[in-house]
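Peer 1: I would like to see how this sequence folds:
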Amino acid sequence: MRLLSRPPLRHLAAFALLGALVLSRASLAGPAAPPACPLAKGAPWHRATSTHFHIRTSLDEDSARRAARELERLRDALRSMWGPAFDPPGRVDVLLLRGRELAEFTEQHVGGFLAEDENDVPLLVMGVRGERFEELGDRPTLAHELAHYLTRFVLLRDSRWVTEGLATFLETVRLGEGPAGTVLGHPHPDHLKYLRAHGVLTLETLWRWDERPELEDPRLRDLYASSWLWVHYLFGMHLERLTRFEQALYEAREPRRAWEEAFGDAGDLEKGLQEYVRANVYHATSFAAPPEPLPARVEELPHAEVHAVRAQLWLRSPGSPGWEERLRRARPEVRRALSEDATNVTAVVLRSGMAADEEERLALARALVRARPDAGEGWSLLGRSLRATKAPLPEQEAAFLKAAALLPDSTATQGDLARHYILRGLPEDALEPAIRAWKLAPYSAFSLEVYAMSALQLGSCTHGLRSLRRTLDVVRAKRGTPPEVLGALGDRLTRYERACDQAGRSPPAK
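Peer 2: Next comes the predicted model:
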């Protein structure tokens, strides 16, 4: 998440170093005013599809096109900071609303966030100021949330002050033209002004941010401002140590322990930060502007999809309403969407999540693939429903294969196919979709686990055990993980460690 006041970046060299090693979130907005269904009143919504983004927006056609261009340019600029090899695959889903519209679904001070569903599928939600998308005015919000998405590929474990400090640092990227048109590292004027008036929080206070409520902390402004300054200082003065720290987080190491190993002998960091502030020197780095992206394809969003988007917002926005209240508000939106188009894929998938039992979910899936055989989401839903109802394995496999072919960039779909083969004891067939799932989402416990299991079944103990240990570390770090899930994963790791140890001590086959 982020506050509406905004911050800068690190030297380009540090990102390239980390890139060589590794080959949400909120801001302030305005008063509430709900977006209207186009059937009832108001202008139509739009869908913009570009190389790396799928955007659904309540803004006009020109704004949708400009937002797609800006996101592509920001992505290219931000990813280059980890080196030319860093280029996460896939296309990101984005919901883009006016700030006053977004306020219906979450706290009024939230202007953007990164949400995940139960399959670790990311959704970037952003609010913009005014009635149209203005590139310069709305760039910090886009850059901040996009930075959160990209850093997930390099930080498998994190602490809130690290991720928010980095995202706030990255959001002030300035895109220009020419060989030195992009600039990183400008100081954040609002945060600097605030810190000079209120002082900088200690590192110990920032570490405790993980224990605080996500949106209701009265010291939120202090936390964001101090996190930004600490990240800027570490980038400027302790680049090599910071790179080691980030590498440890990529390896899913526990953050405090990784910090101590990287910075434990770095001297008095608090004193060093104060000297850094007194010097009042914030070095910026210039590099080539990103190339002009391919133009996005823009079309009107079907009326049913607008209601499906509203349901998604109710289910996935941060804030105080409990889960039952969110479901209560989402259900009418799903019903309205299906009344306008019974085959709307997003609405049917949402409806399946609200089904009374697996048989009802299976019936919904069968109806969807009959009506929309070109929709991979329907085949994915069918495969999961067939597995849950213990349908014949060939029928399950056919559904998963169809879904994987139609959705090559879906982590959940590729992982489902891999898991199907793993459960059947066919690791040779599981390996390709498992690797694809891992490349699409190396931060996902699900993708890590299916890769680990396929590697272990193939006898690759080194890669398999390393991935399974990272899986356990990632799952353990997630809040609210049931103890039985941790226990089952830990037991599985122990069994494979013993089996691999025994295999290593066995004499070679003659």
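
Peer 1: list the buried residues of stretch 413-423.
Peer 2: Residues of stretch 413-423 classed as buried: 413, 414, 415, 416, 417, 418, 419, 420, 421, 422 (neighbour count, 16 or more other CB atoms under 10 Å). Any C-beta I mention is one placed from the backbone N, CA and C, and that applies to glycine too.

Peer 1: let's verify the closest residue to residue 178 other than its chain neighbours: helix, strand, or coil?
Peer 2: When the adjacent residues along the chain are set aside, residue 178 lies closest to residue 289, with 6.0 Å between them (CB to CB, 6 or more residues apart in numbering). Following DSSP: H, G, I helix; E, B strand; the rest coil, residue 289 is assigned to coil.

Peer 1: neighbours around residue 289, how many?
Peer 2: Look at residue 289: counted by other CB atoms under 10 Å, it has 19 neighbours.

Peer 1: over to residue 304?
Peer 2: 23.

Peer 1: cool, residue 352 as well?
Peer 2: 22.

Peer 1: so it is in which element?
Peer 2: helix 345-353 (DSSP states H and E).

Peer 1: what packs against that helix?
Peer 2: helix 303-316, helix 323-340, helix 358-371, helix 376-388 (3 or more CB pairs under 8 Å, 6 or more residues apart in numbering; DSSP states H and E).

Peer 1: now the element after the last one, going C-ward?
Peer 2: So that's helix 376-388. helix 393-406.

Peer 1: hang on, isn't residue 168 packed against residue 226?
Peer 2: No - if you go by CB atoms under 8 Å, residue 168 and residue 226 don't touch, sitting 10.3 Å apart.

Peer 1: low-confidence stretches in the stretch 51-200 of the chain?
Peer 2: Counting by pLDDT under 70, the stretch 51-200 of the chain shows low-confidence ranges at 136.

Peer 1: the helices in it, which residues?
Peer 2: Here the stretch 51-200 of the chain has its helices, by DSSP state H, counting those that start in this stretch, at 61-79, 99-102, 135-151, 160-170, 189-198.

Peer 1: tell me the most buried of those?
Peer 2: With neighbours taken as mean count of other CB atoms under 10 Å, these reach their highest mean count in helix 160-170, at a mean of 26.

Peer 1: before we move on, back to that, list the contacts for the residue nearest to residue 178?
Peer 2: Listed by CB atoms under 8 Å, 6 or more residues apart in numbering, the contact set of residue 289 reads 77, 175, 176, 177, 178, 179, 181, 182.

Peer 1: likewise for residue 348?
Peer 2: Per CB under 8 Å, 6+ apart, neighbours of residue 348: 338, 342, 364, 367, 368, 378, 381.

Peer 1: neighbour-wise, which of these leads?
Peer 2: Neighbour max across the contacts of residue 348 (other CB under 10 Å) = residue 378, 28 neighbours.

Peer 1: tell me the contacts of the closest residue to that residue other than its chain neighbours?
Peer 2: Nearest residue to residue 378, sequence neighbours excluded (CB to CB, 6+ apart): residue 368, at 3.8 Å. Residues in contact with residue 368 (CB under 8 Å, 6+ apart) are 343, 345, 348, 375, 377, 378, 381, 382.

Peer 1: need those in TSV (columns: distance to residue 238 and pLDDT).
Peer 2: Formatted as TSV, the contacts of residue 368 follow (distance: CB to CB, whole Å; pLDDT from 0 to 100):
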residue	distance to residue 238	pLDDT
343	56	96
345	48	96
348	51	97
375	50	97
377	45	96
378	51	97
381	48	97
382	52	98
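
Peer 1: of all the residues you listed, which two lie farthest apart?
Peer 2: 343 and 382 (14.2 Å; CB to CB).
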